[in-house]
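[1] give me the fold of what follows.
(2 chains)
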Amino acid sequence: MGTLREAMERVRSFFQKRQRDSELDAEMAAHLELATEENLRRGMSADEARRQAMIRFGGVTQAKEQQREARGLPWLDVLLQDVRFTFRTLGRDRGFTLIAVIILGLGIGANITVFSVVNTILLRPLPFPNPQQLVRILTKDPKGGESSMTYSTDATQEFQRLNRSFASVSGYFAFSGPDNLKLSSGGQPMPVTGLDVGGNFFETLGVEPSLGRLFTAEECLHNSRPVVLLSHAFWKRQYRGDPGIVGQAIDLNKTPVTVIGVLPASFDFGSVFSPGFKADMYGPVIYDDIRDEGNTMALIGRLKPGVSLAEAQAEADLLFPVLHVNVKHPEYGGGYSGKLLRLKDYVSGKLRRSLIVLWCAVGMILLIVCVNLSNLLLARGAARSKEFAMRTALGAGRGRLVRQLLTESLMLSLAGALFGLGLAFAITAYLAHQGSIALPLLSSVRIDGAALAWTVVVAVAAAVFFGLAPSLKISSSNLQEALKDSGHGSSGGKRHEGLRSALIVSEIALACVLLVGAGLLLRSFLRILEVDLGFEPSRAASIALDYDDKGDAAKRSAIWQEVLRRTQAIPGVEAVGISDNLPMSRNRSWGIQVKGKNYRPGELQDTFVYIVSPGYLKAVGMHLSQGRDISWDDLDKKEGVVIINETVARSLWPGQDPIGRLAVAGGMDVRVIGVVADVHESSVEGDPGWQMYLSGAASQFGPEGAQLVVRSKVLPESLASSVMSTLRQINPAQPAVEFRPIQRLVDHVVSPRRFFVLLVGVFAALGLILASLGIYGVISYSVTQRTQEIGIRMALGASQARVQVGVIGKTLLLASIGIATGTLASFMIANLIASLLFGTPARDGGTFLSMILLLLLVSLLAGYIPARRASRIHPMIALRNS
Amino acid sequence: MGESKLDLLQGTLDVMVLQTLLTMGAMHGYGIARRIEQVSGDEILLNQGTIYASLVRLQQRGWISAEWGTSDHNRKAKYYSITRSGRKQLAEDAAHWQRLTRVMGRVLSMPVEGDL
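    This is a model prediction of the structure:
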C-alpha cells in the first residue's frame, strides 16, 4: 500500500519539479531564520547567529539533492540528462551520426525484413483456427507429379467414411490451371481462374465467408444448380466490393452460375497450397462428375481433438492400402498410401533450412555492423578522451560515464532502427506484391507486432553489443595520461589499437563466411540456370486457346490446323504448336506399359502426359532423338501413336530400339513413333520423370484445354498483339488472356532459389563493404595518429615506397588473420548448407579461392588508400603540425 | 567531549521523526531537528538539512501530513503531523528497534568464557 502510494507520489513529484523545489527553498529559508532567531535570543551577535544556523544546517545543496532523490525519480532525471547531452554531442558530430545511423539502419532493416519473412512463413501459425489440427494427406513416395499425390473420388469418399481420426476430410481438384473459365458480362469474355473444392473444404479449414454462405450438400450433387464463392480480391476488383452480387447469377462459360458468397480477405488459397496460383472463385467439386477421371483430389483433413498425428498415421497406414480407385471395379486396384503431414510442415517444411540460413546471414550482417560501430565509437572515444578525463576530474564516476556512453549507443541504435524500420516497411510491402516468387504466404508478409518487438530487441541488443566494449575501454582510461596526452606522443592512439585490430579481424572473418556462403549458393544457382531443361524456354511464349469443338476430334483437328497455319504465317514466327499442358506448370500423369506384359507392383511409374499437336515439340524446343513427330494423319482409331522420353524408353525397352513397339498408354493401344530427350517437367533440380506425348488430333485422347506455343525469331512479347488479333479473327470469342513467355514458367520454379541467392548475395556484398570500411577506418586512423612518426622516418630517409609497404603490410596482416579464421569457420558452415547446394560441393575449391581473393583484394584496396596518404606526408608539415 | 558523535543508521532518522511528531504534535522541520538533537543529548551527528529528505519520504509514504502555518514568532513555516498509518508504522518500527536493542544488549553482555 505504502509503496504504491510512494511510487505515485514520486512520479507526481517528478512532474512538479519546479513547484516542489520552490516549496523546499521556502521551507529551508524558514528553517534558517527560525534557527537564527533562536540563536539571537540566546544572545549571539547577528552574524554569529546566522553563521551557527548555517553550520548546524549543513550543506544546503546536498540537503536539497538528498530531498530530490528521496521524493522523485532520480534515475529518470539522469537518463533525461544523458539523452539531452547525447542530442547535443551527436548533433555536433553530424557526419559520424549520419554514417552510424545509415550503417545501423541497413543492418537492422535487413534483420527486420528477414524476421518478417521468417515469421510469416515459419513461425506464425497458419491463418486458420486451431491450425495444428490441420493435416495434408500425401502419397508416401510420389514420383509422378500431382497425380501421384492425389486420390480418386471413390478413394476420397471411402476414406471420409472409414476413418476415425479426422473430424473432417476434404480436398480440392488438383488440376485447375489459371484462366480456366470465361466470365462474360457484355463485351469481351474475360478469363478467370476457378478452383473446385470439396463441399466441406472451407468448414474443414475453418474459413467463414465474409458475405453470404458456404456450399450446401445439395449443391455438391450431380446436376445441381451451379454456384460459386468469390475470392475477396476478385470481388473487390471485378465487382468493386458490391455486396449486392451475392445471390446474383454470373455468366461462366455461357452458363449462369449463382454467387452464394464472398470469402474473407485473409483466405488466400494459393499462398498456402500452391504459391503463385491465384484463384478468383471456388466451386464445389461434384464427385459424381469426376468419378471416372482417376486421381484428381488433393486431400486435407482436420484431426479430431485429442487425436495425435501418429495415431492418425497408424490408421492411415491401415486404411489407404485397401482403398479403391473405383469401388465398382475393384479389379482396377488402388495401391494407395497416405503420408500425413501437418499442413504447416507441408507449407513451410522445405523452406525451413533456407530460411534459417537466411536468418543466420542477416544476423552476421548485424554482427559486422556492430563491430564496425564499435570501431567507430572507439575512434570517437579516443578523440573525446580529454572530455571524459575532464568529467572524471570533475567527479563523474565510471558507472556514470559508461551509462552516458551506453545512452549514446542506444540513441544511435534507436535512430538506426527507425531508419531500418522504414526500409523494412518498403521491402516487405514490395515482397508482399511479388506474385512471381513462389514462396508460400509471402503475400501476407508485413511488419506486425512481433516484428516491431523484434526490432526493439535487435536495437537494444545491438546497442549494448557495440557500445559496451568501447565505453568500458574509454572510461577506464588513465586520467592523468589522457589530460597530458596533448598530441605530441603516439601513445594515445596505441591504447585502443589492440582492441580495434581484434574487431577488424573478426569483421573480416564474418565477411569471409558470408562471402563463401553466398558464393556457394550463387554457384549453385548458376549451375541450375545451366541445366539442360530438355526444352528451350527463351524466345517462346504460350497463350491459352479458346475454341468449341463440341468434343469432336475431327473438328478439333480442323480448328488446330487453322490456328497453326495462320499463326505460323505471322512475320517473326519460327514455329508453332499446341499442347494441353506445358512443362513446369500444372502436371497430370497417366500410365504407360508395354502391351501384353505383366508388371509387378512398383515396377511402373506414373507418367506425365502431354496431348499435343504436330509441331509442338519443335515450338517448345525439344529434341527428337529418334523417330518422327506426330502428324495430322495419325488418326487410326484402334492404334494411336505415342512419343516417349528417353527415361521411358530405357525403362520399358532396356537395350532395345523402342521405335515401332506397341504399348498401352492411358488405357489405349499406341505405337511408339519417336523418342525425345528428357524434359525437366516439374523442377530444375529433380531428375526428369516418365513422360509421353499423345496426339490431340486423334479421337482417342481429349486434351484438357489447349496452349498455343509460339517460338519466335524476335522477342516473343513483340508478337503478342499480332497473335491475339489473328486468334480473334479465327474465333471472336477468344478471351484476352496473357501471352506468357515460357521463360516465366522456369523463373517461377527457380524463384525461391533466386530469392534466397539474391538476399544472401546482397548481405554478402553489404558485409564486404562494411568490412572494407572497417579496415579503411582503422588503418586510416592509425596513419593519422602516426603522422609525426612517419614524418620523422621520412625525414630520416625512409622512402615513400617503404612507408607504403609498412602500412599495406599491416593491412595484409590483419586481413590474413581474419581470412584464415573466416575460411576455417566457412568450412564448418559450408557443411550445414550442403543440402541447399546444387551441383556444387560444400568445399568447392573454386568458390573458396575466388571469395578469399576477392576479400583480400578489397582489403588491400581499403588499406592502399591510407597507405598512399601516408607516403605523401611531407616531413616538414608533419613535424610542424604539433 | 572526548567521544565522537553517532552516525545515524539508515532509517533511524525516519523513526525519530515519527516518534517526535507523535509526542510533540504538529511541528516544523527546524523544531523536529532541534527536538531530536535535544533528546539525543547532542550525541548524534545530524546535519539539520538532512531531515528534509526524511520528511518528504515519510510524507510521500502517507505517514505524516504537512501544512503551511504560522509560528509563535509570526513566521510562516511548514508544519508536519503524524497520520494514522504513521502511528501504525511507528508502532511496528518501535517494536522492531526495541527487539533489536534487547538482542544486542544480551549479545554484548555475554560473559567472557572462563570468568565464571
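
[2] near chain B, which residues of chain A are found?
    Contact residues, chain A versus chain B (Cβ under 8 Å from any Cβ of the partner chain): A:2, A:5-6, A:9-10, A:13, A:23-24, A:26-28, A:30-31, A:33-35, A:37-38, A:56-60, A:62-64, A:66-67, A:69-71. For every residue, glycine as well, the C-beta is placed using N, CA and C.

[3] just the buried ones from those, in PyMOL syntax?
    Selecting in PyMOL just the buried members of the residues of chain A next to chain B, where the criterion is 16 or more other Cβ atoms under 10 Å in any protein chain shown, is done with this command:
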select buried, chain A and resi 6+9+10+13+24+27+28+30+31+33+34+35+37+38+56+57+58+63+64+66+67+70+71
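
[4] cross the residues of chain A next to chain B against helices and list the overlap.
    With helices taken from DSSP state H, the overlap with those comprises A:2, A:5-6, A:9-10, A:13, A:23-24, A:26-28, A:30-31, A:33-35, A:37-38, A:56-57, A:60, A:62-64, A:66-67, A:69-71.

[5] residue in the stretch 651-800 of chain A nearest to chain B?
    Per Cβ to the nearest Cβ, A:Tyr781 is where the stretch 651-800 of chain A lies closest to chain B, at 48.0 Å.

[6] confirm that residue sits in a helix?
    Yes: in this structure, A:Tyr781 lies within a helix as judged by DSSP: H, G, I helix; E, B strand; the rest coil.

[7] what distance do you get for the nearest residue to it once chain neighbours are set aside to A:Ala167?
    If you skip the residues right next to it in sequence, A:Tyr781 has A:Ala379 as its closest partner in space, 5.3 Å away by Cβ to Cβ, 6 or more residues apart in numbering or on different chains. As for A:Ala379, its distance to A:Ala167 is 64 Å (criterion: Cβ to Cβ, to the nearest Å).

[8] count the residues that sit near residue 18.
    No chain specified, so I'll use chain A. Applying the criterion other Cβ atoms under 10 Å in any protein chain shown, we find 8 residues in the vicinity of A:Arg18.

[9] look at chain B instead
    B:Leu18, neighbours per other Cβ under 10 Å, totals 23.

[10] for B:Ser54, helix, strand, or coil?
    Reducing the assignment at B:Ser54 to three states with three-state DSSP gives helix.

[11] was I right about it contacting B:Asp14?
    Yes: when contacts are counted by Cβ atoms under 8 Å, B:Ser54 is listed as touching B:Asp14 (5.4 Å).

[12] between these two, which one's more packed in?
    Under the criterion of other Cβ under 10 Å, the comparison of B:Ser54 against B:Asp14 puts B:Ser54 first, with 25 against 21.

[13] so what touches stretch A:832-847?
    Outside of stretch A:832-847, the residues within contact range by Cβ atoms under 8 Å, 6 or more residues apart in numbering or on different chains are A:353-354, A:357, A:516-517, A:519-521, A:523-525, A:527-528, A:685, A:756, A:827, A:830-831.

[14] one more time with 6 Å, if that's ok
    Around stretch A:832-847, the neighbours that count as contacts under Cβ atoms under 6 Å, 6 or more residues apart in numbering or on different chains are A:Ser354, A:Val357, A:Gly519, A:Leu520, A:Arg523, A:Ser524, A:Arg527, A:Ile528, A:Glu685, A:Ala830, A:Asn831.
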